[in-house]
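>>> Quick one, fold the following:
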Amino acid sequence: MAADSTYMAGSVKSYPFSMSDRSALNKEEILVKDDELTCEDHCHNIGLWCYNPKYREVCGRDGLSWAKIALYFFVCFMFMAGIFGSFVGIFMAIVDKRIPPYRGDSSAIALDTSRPNPGLGFRPQIGVEKTLIKYRSSHRNSYGHRHGWGPYKEQLDQFLAYYTEADVQYQQTMECKGVALEKLRPLFHLGKSCRFDINMFNNRDTPCSTQRNFEYDRGHPCVLLKLNKIYDWEPVTYKNAAEVPEQFKGIWSSEFSDYVLVECGGENDVDRDFIFEIEYYSQMNTTKIGGFHRNFYPYLNQDGYRSPLVFVYFKKIETNVLINVECRAYARNIINDDSIEYKRGSVHFELIVE
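Next comes the predicted model:
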């Protein structure tokens, strides 16, 4: 073959070609040189491979070849999708959708403490990752860098509206006041749950009510607390004054034995100096401490279940300063950990009232 660039002569065979003949023809149309191919030669060969007008081939395959390979991969992927779907269907069929397979001491929640340990949640919380409640009491609406109290009141109204909705769909809530817990447990397993009376917060004499804007416009905000739900967890409450933490012994009452106790305060000494007076509004007959009644537990994923609530009323606090607040739940089987990483049995948020 000559050293200079040449195109190899095409075959003189007529159709139909055999597969070997067509392959030969295709090779004969590719530019071949004894010397190194130039950039133009490479472009020619690449263009011919991308589309061959003589045989109407794209990337070296004609339409029938592409159809066969597409069919092959389609059948292959559909087969794998069928296997995956079958396993998902079997999994969904054998897993209970209401009862978690691992619960109690064997649940993932108990990995760090060897037993389930509920924490607290609070409202209002504008963002999931935001724990700061900052507003100016003289402004309802926010504009610029000035935060009004309106968005906080609206979120509290939305959250409490969930409790005012009638249980029309499930008809599973019931009045539990005065009913022994031993009688309630079998009913809980049948899907029943205790009704939480939200009307206690709608009383005009209660500062934490929507009629009074939850006192945000007066610089005394109300923060709502709830105990996080853990399936089949039941609190072991304190039975007498000897069992409770030291700060509760002076205010102990017999009704305390029916409640998971809640207390809030400054997280550090400096923060405690900025909080002068706090009141609690819950089902308890005192404002010195809050509590969640034990009749609402255990939670068994009942339809229409509503968690009990506690309002913390910051009656008198320092303004224009950042206050780190920590609220803790107290029971014999709730661990309170001071670790910054875990914060077991508690919740943290910040307050700035301008």
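>>> check contacts around the spatially closest residue to G104 that is not a sequence neighbour.
Take G104 and drop its neighbours on the chain: the residue closest to it by C-beta to C-beta, 6 or more residues apart in numbering is D232, 6.2 Å away. Backbone N, C-alpha and C define where each C-beta goes, glycine included. D232 makes contacts with R103, G104, P298, Y299, L300, as judged by C-beta atoms under 8 Å, 6 or more residues apart in numbering.
>>> buried sites along the host helix or strand of V88?
Taking DSSP states H and E as the definition, V88 sits inside helix 63-94. Residues of helix 63-94 include none that count as buried (16 or more other C-beta atoms under 10 Å).
>>> Pick out the residue closest to the middle of this protein.
Geometric centre of the chain, nearest residue: V128, 8.4 Å, by C-alpha atoms, centre = their mean.
>>> And E29, what's its pLDDT?
pLDDT recorded at E29 is 66.
>>> could you dump stretch 328-338 to CSV, C-alpha only?
Provided in CSV are the C-alpha atoms of stretch 328-338 (Å, rounded to 0.1, in the frame of the first residue of the first chain):
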residue,chain,number,x,y,z
ARG,A,328,-36.9,19.0,81.2
ALA,A,329,-39.3,16.2,81.7
TYR,A,330,-39.1,14.3,85.0
ALA,A,331,-40.2,10.7,85.7
ARG,A,332,-38.5,7.7,87.3
ASN,A,333,-37.7,6.2,83.8
ILE,A,334,-36.7,9.4,82.1
ILE,A,335,-32.9,10.1,82.0
ASN,A,336,-31.9,13.7,82.1
ASP,A,337,-28.5,14.2,80.5
ASP,A,338,-26.5,17.4,80.5
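>>> Now do the strands in the protein.
51-52, 57-58, 120-123, 132-135, 173-174, 193-194, 222-227, 259-266, 275-281, 290-293, 309-317, 323-330, 346-353 (DSSP state E).
>>> packing partners for the second one?
Okay, so that is strand 57-58. Judged by 3 or more C-beta pairs under 8 Å, 6 or more residues apart in numbering; DSSP states H and E, the packing partners of strand 57-58 are strand 51-52.
>>> Provide the strand pairings for the strand it packs on, with the direction of each partner.
Strands flanking strand 51-52 in the sheet, each with its direction: strand 57-58 (antiparallel) (DSSP bridges).
>>> For the partner strand, give the mean pLDDT please.
What strand 57-58 shows for mean pLDDT is 76.
>>> which residues sit against that strand?
Here strand 57-58 makes contact (C-beta under 8 Å, 6+ apart) with N26, C50, Y51, N52, W66.
>>> what's the distance between it and the middle of its chain?
Relative to the chain's own centre, strand 57-58 is displaced by 51 Å; criterion: C-alpha atoms, centre = their mean, to the nearest Å.
>>> Looks like K192 contacts V179 (just checking).
No. Taking contacts as C-beta atoms under 8 Å, K192 lies outside contact range of V179: 10.8 Å.
>>> higher neighbour count, the two?
Taking other C-beta atoms under 10 Å, K192 and V179 do not tie; K192 has more neighbours (21 against 13).
>>> And that one, its phi and psi?
Torsion angles at K192 (phi, psi; degrees, to the nearest 10) stand at phi -80, psi 160.
>>> so what's it scoring on pLDDT?
Looking at K192, its pLDDT reads 88.
>>> So, low pLDDT: which residues of the stretch 201-350 of the chain?
Applying pLDDT under 70 to the stretch 201-350 of the chain flags the ranges 203-204, 339-343.
>>> What residues are recorded as beta-bridge partners of the residue nearest to I133 when sequence neighbours are not counted?
Closest residue in space to I133, ignoring its immediate chain neighbours: L351 at 5.3 Å, by C-beta to C-beta, 6+ apart. L351 has these beta-bridge partners by DSSP bridges: I133, I323.
>>> so how far is F79 from L351?
Distance from L351 to F79, counting by C-beta to C-beta, to the nearest Å: 59 Å.
>>> now Y280
Going from Y280 to F79 by C-beta to C-beta gives 62 Å.
>>> again, but for V88
Taken as C-beta to C-beta, the span from V88 to F79 is 15 Å.
>>> In contact with the nearest residue to W252 once chain neighbours are set aside: list those residues for me.
Using C-beta to C-beta, 6+ apart and skipping residues adjacent in sequence, the residue nearest W252 is A241, 3.9 Å away. Applying C-beta under 8 Å, 6+ apart to A241 gives the contacts F248, K249, W252.
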